[in-house]
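# Quick one, what's the 3D model for this:
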Amino acid sequence: MVFRCQVAAPWSVIHISPNIRALTGAAPEEFVSAHVSFGDFIVPEDFTTIEDAIATALRERTSYEVEYRMRSRTGQTYWVSERGHIYVDSSGQPQWLDGVIIDVTERKKADDEIRNLAFVDTLTNLPNRRFLLDRLRQGLAKSRRHGNHGALLFIDLDHFKSINDTYGHEAGDRLLCEVARRLRQS
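As a prediction, the model looks like this:
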């Protein structure tokens, strides 16, 4: 979707392509007539990220790229990637912003899944060893910086191998899932 809008929030629209309706539920005419603006659909927590990206691009006279969330009229949230460029007049005053918005929701979901696979055990849905080591490094670094102390608790299931050997891996998996459930509850 391509657009041209004012440089300052709430980014009043000068031109917008028809496929904006898929992201917002609003027709292009609603944007151009100022009945709605981009700001109406952006998740409020993401405003600062967008404003910072645009301010940096204006200050440095460069293009910008930013990812943020938009919420449609139906309440569905989409992740979008926006790339834009601010056009300035001969005296350096910003005139308008031209850009492209791409729906990246599926890519974000895939990224989250990959991150989840890297840090969460698929059987128990508990954080795995890689997650532990990552958080342990972070915690130790923070402790060194601030002079804090901490503790680490290890839990060992005694004779777990004999459960797998006697009753099979399926029984062992059920036991691990039950232990995980109890750990999450406490």
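# Validate this expectation: residue 87 resides in a strand.
Yes. Judged by DSSP: H, G, I helix; E, B strand; the rest coil, residue 87 forms part of a strand.
# who touches the closest residue to it other than its chain neighbours in this structure?
Leaving aside its chain neighbours, residue 87 sits nearest to residue 95 (4.9 Å; criterion: CB to CB, 6 or more residues apart in numbering). Yep, even glycine has a C-beta here, placed from its N, CA and C like the rest. By CB atoms under 8 Å, 6 or more residues apart in numbering, the residues touching residue 95 are 7, 86-89.
# min pLDDT across those residues, which one?
On pLDDT alone, residue 7 ranks lowest of the contacts of residue 95, at 88.
# what sits against the residue nearest to the spatial centre of the chain?
Geometric centre of the chain, nearest residue: residue 108, 6.8 Å, by CA atoms, centre = their mean. Residue 108 makes contacts with residue 79, as judged by CB under 8 Å, 6+ apart.
# same question, residue 161
Counting by CB under 8 Å, 6+ apart, residue 161 has no contacts.
# Quick check: it vs residue 86, distance?
64 Å (CB to CB, to the nearest Å).
# count of residues packed around the nearest residue to residue 54 once chain neighbours are set aside?
Closest residue to residue 54 apart from its sequence neighbours, by CB to CB, 6+ apart: residue 64 at 6.1 Å. Using other CB atoms under 10 Å, the number of residues around residue 64 comes to 20.
# Now the residue of the chain most remote from its centre. Its backbone dihedrals?
Of all residues in the chain, residue 166 has its C-alpha farthest from the mean position, at 44.8 Å, by CA atoms, centre = their mean. Phi and psi for residue 166, reported as degrees, to the nearest 10, are phi -80, psi -50.
# With residue 12 instead?
phi -60, psi 140.
# For it, grab the count of nearby residues.
Other residues within reach of residue 12, judged by other CB under 10 Å, total 17.
# quick revisit: buried ones in the helix or strand harbouring the residue nearest to residue 87?
Applying DSSP states H and E as the criterion places residue 95 in strand 94-103. Within strand 94-103, the residues that count as buried by 16 or more other CB atoms under 10 Å are 96-99, 101, 103.
# remind me which residues of the chain are low pLDDT?
For the chain, no stretch is flagged by pLDDT under 70.
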